[in-house]
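Participant: Coordinates for the following, if possible.
(one chain, ligands or ions: 1)
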Amino acid sequence: MKTLSLRARLTLFYSTILTVILAVFGFLFYDALGLVLENKLTAELRDRVVYLAAFQRLQAGEARLVFNPNDRREAYLVQSAARYYQVFQLPSGVLLVQSQELEMMGARLSPEEVRALAGAQEFTDLQLETERLRFHNAVITGNNATSFLVRVGIPLTPADEAQRGFLRSLLFLMPLGVLVSALAGWQMARRALNPLAQLAAAARKIDIEKLQQRLPTRGTGDEVDEVAAAFNETLARLENSVGQMKQFTASISHELRTPLTTLRGEAEIALLQASSVEDYRHALTSQLEEFNKLSHMINQLLILASAEAGEIQWMERSVDLSGLVGSLVDQLEPVAAAKKITLETNTPPNINVRGDASWIERVILNLLDNAIKFSSEGGHVRVSVKAEDGDAVLRVADTGMGIQAEALPHIFERFYRAEPSRSKQIEGVGLGLSLVKWIVDRHRGRIQVESQVGKGSCFTVWLPLASASAGR
Ligand code: ADP
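Facilitator: From the prediction side, this is the model:
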C-alpha cells in the first residue's frame, strides 16, 4: 500500500486530534447542559410545591385547592402550578384529585405504586408517551391524622429539547469545523513543507560534476535550514573525497606511465640495438627491476585500497610492541649492515598495545625501511619504545638526509616523494607513509615527524597501551 505523503499525514493527524477534542468537549457540554436545565426545572418544581401548599385543603376522602377565582392572577398561578397535580389518600392509595392534564395522559397509579412512592425519594421521573415528567412526592398529614401523598409535576421536555437542539448543532457544526480546519491545515502544511520541496528540487540538480554547488539556506535557523546545512556539510565532504579520488587516479596514471615508458624504451632499444645474448640479458635484467617496482607499487596500492574499503581482516588483541620491535630490528640488521648503518634499540620489555600485530609490524617495518633507505653510509638509526601517559611511544630516528620543511606536511599523502628521493631515483613509490598513517589512525593513535635537512629525521608514533585502551 502506498504510504501517505507527509502533508496528508500531518493534516490527518491534527484533524483526528481536533475531532477527538471537539467530540469529548461537545459531549461533556451536552451532559452539563442537561444537568443545569434539569436543576433549574427542579428548583421551579419546588417553588410550585411551596406555592400550592398555601391553597391546599386536605381532609379524609377529600382534597381541594381553594383560591379566589376572582383574583385572576392567583387563579392563573394556582392553575398553572397544578397542571400536573395528584393527591392520593394513604395508606389506601385511593386517588382523591388529579389534574386534567394527567388524566388525559393516563398517568394513573395503582395503590401499591402509591404506597411505594410514599416511602420513596422526594423526586421521581415518569416517562409518558408524549412527555417526560419530574414529580415531587410529599406525604402530608392532615386533620384526624390522615395521610396523603401529594404529587406535583413539571415537564422536563424543555431541557430535553434544548439538549437535542445542542446535539443537532454539534453534529452539524463539528464535521464542518473539522473540514474547515483540515482544509486550512492542508494549506498550512503545504506552506510549511514548501521549503523542503525547494530543497529537494535543488538537491536533484546536484550531480558528481557539480559537487561544488550547495543547497540554499534561508537564514532562519529553523529545522529546514538545519537539514540544508547538514546536507551541505555532507556535500563538502563528498567534494573533498571525490577530489582526492580524482587526484589519486591522476597520480596512479602518472606513476604507472613512468615505469611503462621506461620498459617500452628499453624494449625498443633492445630490439634495435642488441646484437648478442648478453645484450638481451642485460635489457631483460633491467626490465625485471622495473617489473619488481611495478608489482611492489601495485601490491601497496591493493593493500591501501582494501584497507580503505574496510575489507581487511582486523585481529584486535594485545600486541607486545617491545618484542615486535626487537625481532624486526634483528631482521633488518643485515640490510643496515650492508649499508654500514648502525641500528640501535632501546626497548624496555612488556610494553603492550592493543591492535593487530601484522598491521603494527607494517608500521615499524615501513619506518625502519625508510630510515635505512634515506641514510647514507656510516649513519645511525635509533629505535626506542616507552610508555607515557597511557600511550606506547615508538620513535624511529635516523641521521639521514632529512626532509625539507615544505615537504613535511605532504609526506603522508599517497605517491608523494620529497626531493631528493624523487630526483635521485631512490627506490620507492611514495605509498608507505600513507599506509602507516592509515594504520596508526585506525589504532586511535597519532604520528608526528621532525626533520632537518642534512641532519636526519625522527618519526614518533603514539599508540594506546593495551591496559589503557581496554577500557575504551
Ligand atoms: P617511499 O619511501 O616509497 O618513497 P614513503 O611514503 O614511505 O614513500 O615516504 C614518502 C617520502 O617521504 C619519501 O619519498 C621521502 O622523500 C620522505 N621520507 C620518508 N621517510 C624519510 C626519512 N626517514 N628520511 C628522509 N625522508 C623520508
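
Participant: Name the residues of this protein found near the ligand, please.
Facilitator: 366, 370-371, 374, 398, 400-403, 411, 416-418, 421, 428-434, 457 (CB under 6 Å from any ligand atom). Using the backbone N, CA and C atoms, a C-beta is placed for each residue, glycine as well.

Participant: Now with 5 Å, please.
Facilitator: Within reach of the ligand by CB under 5 Å from any ligand atom, the chain has these residues: 370-371, 374, 400, 403, 411, 417-418, 421, 428-430, 432-433, 457.

Participant: quick one, which residue of this protein lies the farthest from its center?
Facilitator: Asn144 (86.9 Å; CA atoms, centre = their mean).

Participant: Give me the distance between Gly330 and Leu256.
Facilitator: Actually, residue 330 is Asp rather than Gly. Remark: distance between Asp330 and Leu256 (CB to CB, to the nearest Å) = 35 Å.

Participant: Gly355 too?
Facilitator: Taking CB to CB, one finds Gly355 at 32 Å from Leu256.

Participant: And these two? Which one has more around it.
Facilitator: Just comparing Gly355 and Leu256: by other CB atoms under 10 Å the higher neighbour count belongs to Gly355, 26 against 14.

Participant: May I have the beta-bridge partners of that one?
Facilitator: Listed by DSSP bridges, the beta-bridge partners for Gly355 are Arg317.

Participant: list the contacts for Met401?
Facilitator: By CB atoms under 8 Å, 6 or more residues apart in numbering, the contact set of Met401 is 374-376, 420-421, 453-454.

Participant: May I see those residues arranged in JSON lines, with secondary structure as well?
Facilitator: Putting these into JSON lines (DSSP: H, G, I helix; E, B strand; the rest coil) gives the following:
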{"residue": "Phe374", "secondary structure": "coil"}
{"residue": "Ser375", "secondary structure": "coil"}
{"residue": "Ser376", "secondary structure": "coil"}
{"residue": "Pro420", "secondary structure": "coil"}
{"residue": "Ser421", "secondary structure": "coil"}
{"residue": "Val453", "secondary structure": "coil"}
{"residue": "Gly454", "secondary structure": "coil"}
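
Participant: Out of the residues you listed, flag the one nearest to Ala236.
Facilitator: Ser421 (33.6 Å; CB to CB).

Participant: can you pull the pLDDT of the closest one?
Facilitator: If you check Ser421, the pLDDT there is 63.

Participant: Lys2 now?
Facilitator: For Lys2, pLDDT reads 67.

Participant: isn't Thr460 right up against Ser451?
Facilitator: No - applying CB atoms under 8 Å as the test, Thr460 and Ser451 come out as separate, 11.5 Å apart.

Participant: What segments of this protein are strands?
Facilitator: Remark: strands assigned in the chain by DSSP state E are 56-59, 62-65, 85-90, 94-98, 123-127, 132-141, 147-155, 317-320, 342-346, 352-355, 380-388, 391-398, 446-452, 456-464.

Participant: Nearest to Ala307, out of these?
Facilitator: strand 352-355 (13.7 Å).

Participant: burial measure for whatever residue of the stretch 51-200 of the chain ends up closest to the ligand, as a count.
Facilitator: For the stretch 51-200 of the chain, the residue closest to the ligand is Leu199, as judged by CB to the nearest ligand atom, at 42.4 Å. Look at Leu199: counted by other CB under 10 Å, it has 18 neighbours.

Participant: what do you get for Arg7?
Facilitator: 19.

Participant: On the pLDDT front, check Gly221 for me.
Facilitator: For Gly221, the model assigns a pLDDT of 85.

Participant: distance of it from His443?
Facilitator: 39 Å.

Participant: do the same with Leu288
Facilitator: For Leu288, the distance to His443 - CB to CB - is 37 Å.

Participant: of the two, who's got more company?
Facilitator: A side-by-side neighbour count of Leu288 and His443, using other CB under 10 Å, places His443 first with 22 against 10.

Participant: So the protein: which segments form each domain?
Facilitator: 6-162, 223-308, 317-470 (automatic domain parsing).

Participant: Next, count neighbours for the spatially closest residue to Ile208 that is not a sequence neighbour.
Facilitator: Distance criterion CB to CB, 6 or more residues apart in numbering; nearest residue to Ile208, sequence neighbours excluded, is Val242 at 6.6 Å. The tally of other residues near Val242 (other CB under 10 Å) stands at 13.

Participant: before we move on, the earlier item: wait, isn't the residue of the stretch 51-200 of the chain closest to the ligand in contact with Thr217?
Facilitator: No - counting by CB under 8 Å, Leu199 does not reach Thr217; the two are 9.4 Å apart.
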